[in-house]
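In: Here's a sequence, model it:
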Amino acid sequence: QVQLVESGGGLVQAGDSLRLSCAVSGRSISSFAMGWFRQAPEKEREFIASINWSGGDTYYTNSMKGRFTISRDNAKNTVYLQMTSLKPEDTAVYSCAAVPSKSPRAWYGIDEYTYWGQGTQVTVSS
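Out: Next comes the predicted model:
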């Protein structure tokens, strides 16, 4: 059974940085493309970034490109989201997701992913 567990969320101030982790168990993540999404209160879940199985291809939503960086360590079965220059509008529950694929393409859609974590809360105060 594949499980995804996010960690690293918390309460930070505007301008701070934070690194989220997504630990995967039950299967090697080297067979997965991975993605990060977030959902703010009363808003739809939105795509942040995806990374292919090897880490060689990454994709971002334009509004977060440059501030957020997705990476992975297949040896540790973990995917990361480094967030910098955080803003109050970044406050949301951040979730990671996985889809079995060796394709280099981007994975933008929520419905494209097979496995999801429960999410970790990130709150940015002004």
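In: which residues does Met83 form a beta bridge with?
Out: According to DSSP bridges, the partner residues bridging Met83 are Leu18, Phe68.
In: Name all residues that make contact with it.
Out: Ser17, Leu18, Arg19, Leu20, Arg67, Phe68, Asp90, Val122 (CB atoms under 8 Å, 6 or more residues apart in numbering). Yep, even glycine has a C-beta here, placed from its N, CA and C like the rest.
In: On the pLDDT front, check the last one for me.
Out: Okay, so that is Val122. pLDDT for Val122: 98.
In: what bridges to it?
Out: Gly10, Ala92.
In: ok, now how distant is it from Ala97?
Out: 16 Å (CB to CB, to the nearest Å).
In: re the thing from before, just the buried ones among the contacts of Met83, please.
Out: By neighbour count, with 16 or more other CB atoms under 10 Å, those hold Leu18, Leu20, Phe68, Asp90, Val122 as buried.
In: any idea where the strands of this structure begin and end?
Out: 3-7, 10-13, 18-25, 32-39, 46-51, 58-60, 68-73, 78-83, 92-100, 115-116, 120-125 (DSSP state E).
In: which residues of the chain score low on pLDDT?
Out: Residue ranges of the chain with pLDDT under 70: none are present.
In: Residue nearest the middle of it, spatially speaking?
Out: What sits nearest the mean C-alpha location of the chain, by CA atoms, centre = their mean, is Trp36, with 2.4 Å.
In: residues in contact with the residue lying closest to Tyr115 once chain neighbours are set aside?
Out: Spatial nearest neighbour of Tyr115, chain neighbours left out: Ala98 (4.4 Å); criterion: CB to CB, 6 or more residues apart in numbering. Ala98 makes contact with Val2, Leu4, Val24, Ile29, Phe32, Ala33, Met34, Gly35, Tyr113, Thr114, Tyr115, Trp116, according to CB under 8 Å, 6+ apart.
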